[in-house]
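K.L.:
here is the input, now give the coordinates:
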Amino acid sequence: MAMLATRAHAIGSLFTSRRTSRAASGADGISGVEGYTIKPLKTEAELEAERIFLSTALSTWLDEEWTVLPEHQRLGKAAAEAYVALRRGGDDDMGSVVLSLASELLRPELSAAFHASFTGPFDVANKLVEMVMMRDGCDVCCTSPADRERIDRVNTLLSSGSM
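P.N.:
Numbers count the residues shown, from 1 in each chain. Modelled structure (predicted):
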């Protein structure tokens with residue numbers, strides 16, 4: 001439990017979002033993730049599109065970060081489905097989503113996939129929320145140009161109907 005609390009505190013300092021309105025921003029134009037609300041997904045079609053995007057983007061990240069493994073597709077799919085279930089349930093607060101998502105990914109049936117991928121539930125949950133925030137137009141700390149390029153590639157791939 002203490003590890004979860006420590007991780008939750010670390011998550012709060014992980015993300016920053018750049019706001020376009022001077023009135024909404026501080027002197028430096030940056031504010032923390034605390035209170036960050038994810039843009040609404042109103043229809044089942046939007047939820048399904050988000051599920052497909054996140055599943056593809058996460059498995060692509062895992063494949064590119066380590067090596068291509070079938071477990072990466074399983075983890076990407078599980079994380080995307082859990083995210084969509086949270087959003088369908090009305091959860092739109094980023095802090096709540098990342099903790100709930102990581103908890104959902106701790107399911108025993110996913111442990112072998114995580115073991116094979118040399119990653120863990122919090123790594124995948126954090127990457128998922130980074131992707132959501134970047135796709136939503138936020139500047140997210142601790143990401144690289146490769147992260148933005150990957151999101152652009154997945155968007156292009158999905159919009160072309162190649163999947």
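K.L.:
what's the host helix or strand of residue 113 packed up against?
P.N.:
Taking DSSP states H and E as the definition, residue 113 sits inside helix 111-117. On a contact count with 3 or more C-beta pairs under 8 Å, 6 or more residues apart in numbering; DSSP states H and E, helix 111-117 meets helix 70-88. For the C-beta atoms, the positions are set from N, CA and C on the backbone; glycine is no exception.
K.L.:
for the helix it packs on, list every residue counted as buried.
P.N.:
71-80, 82-84, 86-87 (16 or more other C-beta atoms under 10 Å).
K.L.:
by contact count, what packs against it?
P.N.:
When contacts are defined as 3+ C-beta pairs under 8 Å, 6+ apart, helix 70-88 sits against helix 44-65, helix 94-105, helix 111-117, helix 121-135.
K.L.:
just name the most buried of the ones you listed.
P.N.:
Comparing these by mean neighbour count (mean count of other C-beta atoms under 10 Å), helix 121-135 ranks first with a mean of 21.
K.L.:
tell me the angle the helix or strand following it makes with helix 44-65.
P.N.:
Next helix or strand after helix 121-135 toward the C-terminus (DSSP H and E): helix 145-159. Inter-element angle recorded for helix 145-159 and helix 44-65: 130 degrees (by axes from the mean of the first three to the mean of the last three C-alpha atoms, to 10 degrees).
K.L.:
helix 121-135 and helix 145-159, what's the angle between them?
P.N.:
For helix 145-159 against helix 121-135, the angle by the same axes, to 10 degrees is 70 degrees.
K.L.:
helix 145-159: how far from the chain's middle?
P.N.:
Centre-to-centre, helix 145-159 and its host chain are 14 Å apart (C-alpha atoms, centre = their mean, to the nearest Å).
K.L.:
tell me the mean pLDDT over that helix?
P.N.:
The average pLDDT for helix 145-159 rounds to 93.
K.L.:
so for the most centrally placed residue in the chain, what's the pLDDT?
P.N.:
Nearest to the mean C-alpha position of the chain, by C-alpha atoms, centre = their mean, lies residue 128 at 1.3 Å. For residue 128, the pLDDT comes out at 96.
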